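J.: Give me the fold of what follows.
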Amino acid sequence: MDLDLLAPRRHLAAVALLLAWVLSSPGCGGGGDAPSSSPLDTSSAASADAAAKADALDKPQPGVLANARNAALMALASRMGPPAAWAADSVAAAASRDDPWGVAPSAALSYNPEAWLPAMADAGVTSVRGFHAAPHVDGLTPITAAGMSAVGFLQWSSGPVFALPANDLQGWHRYVTAQVRRYKGRVKYWEVWNEPPNFTADQSPASYAKVVAVAFHAAKAVDPTVQIGLAAKSNHVNWLAESIAAGAAGKFDFVTLHPYEVASLLPQGWEGQFMAIVPRVRKMLQDKDPEKAAVPLWFTEIGFSAAPPAAGGNGPQRQSDSLIKIYTMAFAQGVARTYWFDPSDSEGLTMGLTTTDGTKRPAWHALRSLTTYLGARPRYAGWTQPGNAYYGFVFTGPQGVVLSAWSRPGQSAVLALASDITVVDPRTGATTTTRNHTLTEAPAILVAPAGSAQAQQWLSEAAASSGKPFPWNGDHSAAASVQLTAGAMPEGVSMKDAPAAAVVNNIAEFNLEGTPGACFAVDPAFLPLYGTTPIRITVVLRGHGRGDPGFNLRYESDALIASADVNGLVPSSEGWFRVEGTTFHEKTWTVPKARFVGLYGYNFCLDSDGPAHSQFSVRRVTVSR
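T.: Next comes the predicted model:
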């Protein structure tokens, strides 16, 4: 099956990245990586013999390359701060602190961090995920010289480049020991693998669990203070759960995700799905590994394309808007660190905060606005949504009480404020003072002086939301059913990339002809955050009187990963459903064990296996308990 709407996002230049790592990073893993779901591994495939020589790698290497690099580092240091930033105690302090504001460079950018680090420091970035770590090259020093902490990831195989080393745990142990020893006192946090099951040959949670357990013990034996991260691609909560059950329980100190796909749906109003990421992981951890239920959760890669829409991107303005939403809601749901991919455009991708020539995009200004007004350690107070008209998130910042807010797609909301506030345009950093502001889909940062009437109002509204489920187009936590009807506002169900509703014979419908099908998300508050439950899915639809319309219903379930398809969706036991007739009729499926975790944002799909079978329209989709 080749269904575009179910496939992970596309990636560019993967072969070139892999060759670059193999040719120039033969000794150690490290450096940045391509966005998740890439088919190729971009970290080094270090050998066990090379890993055993880690002690030698700690020694300075003479030569022209080293001299040129030292000169570049000194130039960087002169821009970033006094020589004290190079001191060992400063490096150790940076390694151990909590840094919410991060960037994740690609493998290509890790070769030349001096080119992009100054702009990131100016934006308020304090941590970098991934660094170039070839033999005789210390790609970490530019990062620590800039006063930033660094996060590494452990990835190595003695066999095929994609293989989890479950059959060579001794070699894996030597590799982890060498890496942690090499960077002892300088790198405190290590992720085990880059977004598995990506970059693995067998995609087995059992194999990953073995690798995690060995890495945990090997790393702690070198330095008991290091922290080991359990990782998963995208929002793959089930991968984490099965890895924990297979032997990773108790063998990790933090959890990492790369939820690009969920973030990509924010312009469509899918804030509720994004805000459910951490609560779902917490519920899963409580079920599978209660002693680790409160470990930190990080987004060590997340981003949004700035390519123009004609090139399949979103444009620089929407990239900026999405950055504000991503960081705001990450901190609002308790994500401890968020790393933007990419600091600068690279590897044929257009996801950077700056362009390849260093020009700062609106997204760079957006990040700088956030770090300025939320501060080095964002302090979240709660959400506010008066009249269900907009999304608002309240923080206490260094310059007052902050509301990061935006309206629903296609709408606006007029705010009558109790006192003067400062309105920040994140795309430029420009500010104005007003008592009236109209919110649009483009987020704004509103700052009320501490103690002012407006500050007190926002804090009061935030306190009132404490403990309540985040309302995604309304609160459906107690509803018997939720639905999406063409031509109406979503009532607990939303369609990914929904076409505009068409009216045929005075009835609104979603015409799916020419598409591969349709995917839907259910309000996270409607079903258990983690666990299974029987539900019914009912679709009101009609055929167009031509072709051979039909589809499989595919849904997120509790099926083992090994028995599920590549996207974590399993087909209904009823098999292919052929859409008969041209008048609207109703079809209901009983789904015995739905586990809606939103791996890619959506929960179930009407999969037509390509446009050849999508000559039908949908009037309504209902999900019932």
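J.: got the contact list for stretch 503-516?
T.: Residues outside stretch 503-516 that contact it (CB atoms under 8 Å, 6 or more residues apart in numbering) are 3-6, 485-488, 495, 498-499, 501-502, 518, 542, 544, 584, 606-611, 614-619. Glycine gets a C-beta too; all of them are placed from N, C-alpha and C.
J.: Out of those residues, which end up buried?
T.: Neighbour counting by 16 or more other CB atoms under 10 Å classes 3, 5-6, 485-486, 495, 498-499, 501, 518, 542, 544, 584, 606-609, 614-619 among the contacts of stretch 503-516 as buried.
J.: From these, which land in strands?
T.: Mapping the buried ones among the contacts of stretch 503-516 onto strands (DSSP state E) picks out 485, 495, 518, 542, 606, 607, 616, 617, 618, 619.
J.: can you pull the contacts of the third one?
T.: Right, the one you point to is residue 518. 5, 495, 496, 498, 510, 512, 605, 606, 618.
J.: Wait, the last one touches residue 538, no?
T.: It stands for residue 618. No - if you go by CB atoms under 8 Å, residue 618 and residue 538 don't touch, sitting 11.1 Å apart.
J.: Just the terminal-to-terminal distance for stretch 472-490.
T.: End-to-end distance for stretch 472-490: 9 Å, by CA to CA, to the nearest Å.
J.: Could I get the average pLDDT for it?
T.: On average, the pLDDT along stretch 472-490 is 92.
J.: Neighbours of residue 500, how many?
T.: A count of neighbours around residue 500, defined by other CB atoms under 10 Å, yields 9.
J.: Same check on residue 625?
T.: 12.
J.: For it, give its distance to residue 557.
T.: Distance of residue 625 to residue 557, computed by CB to CB, to the nearest Å: 16 Å.
J.: Nearest residue to the residue nearest the centre of the chain in space, please, no chain neighbours.
T.: Centroid-nearest residue in the chain: residue 259, 2.7 Å away (criterion: CA atoms, centre = their mean). The shortest distance from residue 259 to any non-neighbouring residue, by CB to CB, 6 or more residues apart in numbering, is to residue 235 (4.4 Å).
J.: isn't the one you found right up against residue 274?
T.: No - with contact defined as CB under 8 Å, residue 235 does not reach residue 274; the gap is 9.2 Å.
J.: Give the residues shared as contacts by these two.
T.: Common neighbours of residue 235 and residue 274 (CB under 8 Å, 6+ apart) are 259, 262.
J.: higher neighbour count, these two?
T.: The residue with more neighbours, out of residue 235 and residue 274, is residue 235; 29 against 25, by other CB under 10 Å.
J.: ok, that one - contacts?
T.: 257, 259, 261, 262, 277, 597, 598, 599, 600, 601.
J.: Apply 10 Å and report the result again.
T.: 36, 257-263, 273-274, 276-277, 280-281, 299, 568, 597-601 (CB atoms under 10 Å, 6 or more residues apart in numbering).
J.: Likewise for residue 236?
T.: With CB under 10 Å, 6+ apart, residue 236 has these contacts: 36, 195-198, 242-243, 257-259, 561, 568, 597, 599-600.
J.: Check residue 376 too.
T.: Residue 376 neighbours (CB under 10 Å, 6+ apart): 97, 98, 99, 100, 101, 124, 126, 398.
J.: Which PyMOL command selects the buried ones in these?
T.: Per 16+ other CB under 10 Å, the buried members of the contacts of residue 376 correspond to this PyMOL selection:
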select buried, resi 99+100+101+124+126
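J.: Of the contacts of residue 376, which belong to helices?
T.: Taking DSSP state H, every one of the contacts of residue 376 sits outside helices.
J.: Just name the closest of the contacts of residue 376 to residue 364, please.
T.: The closest of the contacts of residue 376 to residue 364 turns out to be residue 124 (CB to CB; 10.3 Å).
J.: Now do the same for that closest one: its pLDDT.
T.: pLDDT, residue 124: 97.
J.: Not including adjacent chain positions, what is the nearest residue to it?
T.: Spatial nearest neighbour of residue 124, chain neighbours left out: residue 371 (2.7 Å); criterion: CB to CB, 6+ apart.
J.: mind checking how far that neighbour is from residue 364?
T.: Residue 371 is 11 Å from residue 364, by CB to CB.
J.: what touches both of the two?
T.: 122, 123.
J.: the more surrounded of these two?
T.: Higher neighbour count among residue 371 and residue 364: residue 364, with 27 against 19, using other CB under 10 Å.
J.: Backbone dihedrals for the more buried one, both of them.
T.: Dihedral pair for residue 364: phi -60, psi -50, per degrees, to the nearest 10.
J.: which residues touch it?
T.: Counting by CB under 10 Å, 6+ apart, residue 364 has contacts 119-120, 122-123, 316, 319-320, 323, 340, 343-344, 352-355, 427, 429.
J.: Which of the residues you listed fall within strands?
T.: Per DSSP E, those map to strands at residue 340.
J.: Give me the subset of the contacts of residue 364 lying in helices.
T.: In helices, defined here by DSSP H, the members of the contacts of residue 364 are 119, 120, 122, 123, 316, 319, 320, 323.
J.: Dump those into CSV; add distance to residue 289 and neighbour count as well.
T.: Converted to CSV, the ones in helices among the contacts of residue 364 look like this (distance: CB to CB, whole Å; neighbours: other CB atoms under 10 Å):
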residue, distance to residue 289, neighbour count
119, 40, 20
120, 34, 27
122, 40, 15
123, 36, 24
316, 41, 19
319, 36, 25
320, 38, 28
323, 32, 30
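J.: Which single one of those is nearest to residue 170?
T.: Among the ones in helices among the contacts of residue 364, and counting by CB to CB, the member closest to residue 170 is residue 120, at 38.7 Å.
J.: right, and that closest one touches residue 354 too?
T.: Yes - the pair residue 120 / residue 354 is scored as a contact, 8.8 Å apart, by CB atoms under 10 Å.
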